[in-house]
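Asker: Sequence below, structure please.
(one chain, ligands or ions: 2)
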Amino acid sequence: MSTESSGRWDIVTRAGHWLVAGLFLANQFFTDPEESWHHYFGYSIVAIVLLRLIWGLTFARGPNRLSCFIPSKTAITEHLRALRQREPYDTVGHNPFGAMAIYLMWAGLLLLALTGWIEYYAIANFIDFADLHEVLGEGLLLLVGVHVSAVIAMSLYQRVNLIRAMIFGRFR
Ligand code: HEM
Ligand code: HEM
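Answerer: Ligands and ions are numbered 1, 2, ... in the order given. Coordinates of the predicted model:
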């Protein structure tokens, strides 16, 4: 969405992404929820997501700034038009659908950790937080599936390796 073709994913975005992805998958599939690791991993995700949000609102530059990927109606229309006409698309920054998924993933991750914490310390019980924690985790997993499929599909369609860009920072 940004027009800066020299744009790069900075280290906060990149390191944050792979750490959050790894910690999320570890908690979803490998850690024992009764053990401390599960909880530390969850709190670490919260810390990294909050740091990313603060960074995106303050010192981040180019496509790393949150203001560069606000999923507005105009952005969606423009994105769809460019896709339909198979225009050489500006691949720097998150597209508006990616942006929607990203904000949903951030919100989901924060809620997931919050519900796990509430359940573990029995802070409230007006609903079944264990169930909610489980359902949120599965919902997020589904969204991650869509996210990764979309990344692969867009990489093929635009002939730009988006995964490589999220590892090394450069788009081209
Ligand atoms: C393991 C396979 C994964 C791959 C290959 C992958 C790849 C990517 C890529 C290429 C982007 C940048 C997309 C773009 O160019 O707009 C991205 C962004 C993002 N992904 Fe993933 N991802 C993976 C897993 C995950 C998981 C498990 C989560 C969360 C639970 C996640 C959350 C995010 C978020 C929040 C962003 C936005 C990053 C930011 O701006 O800080 N990803 N991912
Ligand atoms: C944010 C990342 C997190 C993920 C991906 C995650 C994922 C999961 C998963 C998959 C389960 C098993 C659900 C089931 O099949 O019963 C679970 C259970 C649990 N989690 Fe988390 N969790 C996270 C964070 C936390 C945090 C921060 C805490 C507490 C401080 C926590 C506490 C628990 C507890 C106590 C259970 C046992 C629930 C039960 O009774 O089944 N989780 N979590």
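Asker: Poorly predicted segments of this structure, please.
Answerer: Along the chain, the parts satisfying pLDDT under 70 run over 1-7, 88-91, 171-172.
Asker: Can you tell me which residues in it are near ligand 1?
Answerer: 13, 16-17, 20-21, 24-25, 52, 94, 98, 102, 105-106, 144, 147-148, 151, 162-163, 166 (C-beta under 6 Å from any ligand atom). The C-beta positions use only the backbone N, C-alpha and C, and glycine is treated the same way.
Asker: what sits against Asp10?
Answerer: The contact partners of Asp10, by C-beta atoms under 8 Å, 6 or more residues apart in numbering, come to 60-61, 64, 169.
Asker: center of the protein, which residue is that?
Answerer: Ile102 (4.0 Å; C-alpha atoms, centre = their mean).
Asker: That one touches Cys68, doesn't it?
Answerer: No - look at Ile102 against Cys68 with C-beta atoms under 8 Å: they stay out of range, at 11.7 Å.
Asker: Identify the contacts common to those two.
Answerer: Common neighbours of Ile102 and Cys68 (C-beta under 8 Å, 6+ apart) are His94.
Asker: re the thing from before, list the backbone torsions phi and psi for the residue nearest to the centre of the chain.
Answerer: Main-chain torsions, Ile102, degrees, to the nearest 10: phi -70, psi -50.
Asker: Could you check how far it is from Ile70?
Answerer: 11 Å (C-beta to C-beta, to the nearest Å).
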